[in-house]
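1. Give the three-dimensional model of this entry:
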Amino acid sequence: MKILHLDSNHPLLINQLNTLGFTNDEDYTSSKKDIEEKIHLYDGFIIRSRFSIDKTFLDKAKNLKFIGRVGAGLENIDCDYAESLGVTLIAAPEGNRNAVGEHSLAMLLSLFNKLNKADKEVRNGKWLREENRGIELDGRIVGLIGYGNMGKSFAKKLRGFDVEVLCYDLKPNVGDKNCKQVSLEELQEKADVLSLHTPQTPLTKNMINADFINNFKKNFWLINTARGTSVVTKDLVEALKSGKILGAGLDVLEYEKSSFENLFSDNKMPAAFEYLINSDAVILSPHVAGWTIESKERLAQTIVNKIKSKFC
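-> Below is the predicted model:
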């Protein structure tokens, strides 16, 4: 079988597939149109997020048997159409779930202890102790929306704290020893912290909006290491201003699909984003929650293992 690699990944991926007898070609620079002209020559291809895999692309991949996505989600692929063609879809959420769990916890503890604010102040010659008095996580109720690989990883990290962990998920019976599954209404009634661990779907797009936020009984902290499209940024900002949301850790933003750097040009920055980058109650990172040295290797190994299990 011939495999085309469309994004660079950990070298073990190609090395191990070579050992298994696959032929591996690499093309990290050609346009999507140019790739479409030769994709019929391949039995499989491996991609991260270089471009979307739509019906037109799939129709040209006449001999395609599998798509490997070195990451957790498959939202850039027309999954229904691919599966109707008999194409096996392979993702690797097991590969970066630990990294996401650790990043989520890091963001939460940083918010509770005002670490980003305190760090900037000390660097600028300010030694403000009382103003940077933190709060403790113990005794809080942490609510998770989505309890798959990523949600389970975060719940496991929280076992070392005296907290109650609740989750809401569309799938039944996903709760375990680390987390109690509840209705959305119960989660919104009890949670002090909300952490998102959902894929990008029509149901999750703009999910965290003004109505959703105001249905929480308590003021709460928000962590989002899932998808930026899940949060309506302007509604988040209004909630931060009012105190309904006490702080936010955002690894993903709804602006990601734009040319992010251009947001910092004159007259191009959305007002809501400008508020976020100037707020001491917000911690931002560039979609790196699952982006560790270890996860890069694990993601590649997971893809190899699944290809081997299916096709060897």
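
2. low-scoring pLDDT stretches of the stretch 151-300 of the chain, where are they?
-> Where the stretch 151-300 of the chain drops to pLDDT under 70, the residues are 258-261, 266.

3. Tell me where it has strands.
-> For the stretch 151-300 of the chain, the strands defined by DSSP state E, counting those that start in this stretch cover 164-168, 180-181, 193-196, 220-224, 245-250, 282-284.

4. Select, out of those strands, the one closest to residue 129.
-> Comparison of these against residue 129 by CB to CB identifies strand 245-250 as nearest, at 19.4 Å. From N, CA and C alone the C-beta is placed, and that goes for glycine too.

5. Would you check that residue 8 makes contact with residue 28?
-> Yes: in this structure, residue 8 is within contact of residue 28 by CB atoms under 8 Å, at 5.6 Å.

6. between the two, which one's more packed in?
-> residue 8 (13 against 9; other CB atoms under 10 Å).

7. Tell me if I am right that the more buried one is in a strand.
-> No: the assignment for residue 8 by DSSP: H, G, I helix; E, B strand; the rest coil gives coil, which leaves it out of any strand.

8. In contact with the spatially most central residue of the chain, which residues?
-> The residue lying closest to the centre of the chain (CA atoms, centre = their mean) is residue 226, at 3.1 Å. Taking CB atoms under 8 Å, 6 or more residues apart in numbering as the criterion, residue 226 is in contact with 146, 150, 196, 197, 198, 199, 200, 204, 252.

9. Ok, residue 297 next?
-> 10, 12.

10. From residue 95, how far out is it?
-> 8 Å (CB to CB, to the nearest Å).

11. thought residue 56 was touching residue 33?
-> No: using CB under 8 Å as the test, residue 56 is too far from residue 33 to be in contact (9.9 Å).

12. Leaving out chain neighbours, which residue sits closest to residue 275?
-> residue 237 (4.8 Å; CB to CB, 6 or more residues apart in numbering).

13. Reformat the contacts of residue 226 as CSV; add distance to residue 108 and neighbour count.
-> Output for those, formatted as CSV (distance: CB to CB, whole Å; neighbours: other CB atoms under 10 Å):
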residue, distance to residue 108, neighbour count
146, 16, 23
150, 14, 29
196, 12, 25
197, 13, 28
198, 17, 23
199, 21, 18
200, 22, 17
204, 21, 19
252, 15, 22
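
14. Let's see which of those end up in helices.
-> Judged by DSSP state H, the contacts of residue 226 include residue 150 as members of helices.

15. Quick check: residue 200 vs residue 132, distance?
-> The separation that residue 200 has from residue 132, given CB to CB, amounts to 36 Å.

16. Could you do residue 17 as well?
-> Residue 17 sits 51 Å away from residue 132, going by CB to CB.

17. can you give me the helices for the protein?
-> 11-19, 32-38, 55-60, 79-84, 93-112, 115-123, 149-157, 184-190, 210-214, 233-242, 271-278, 293-311.
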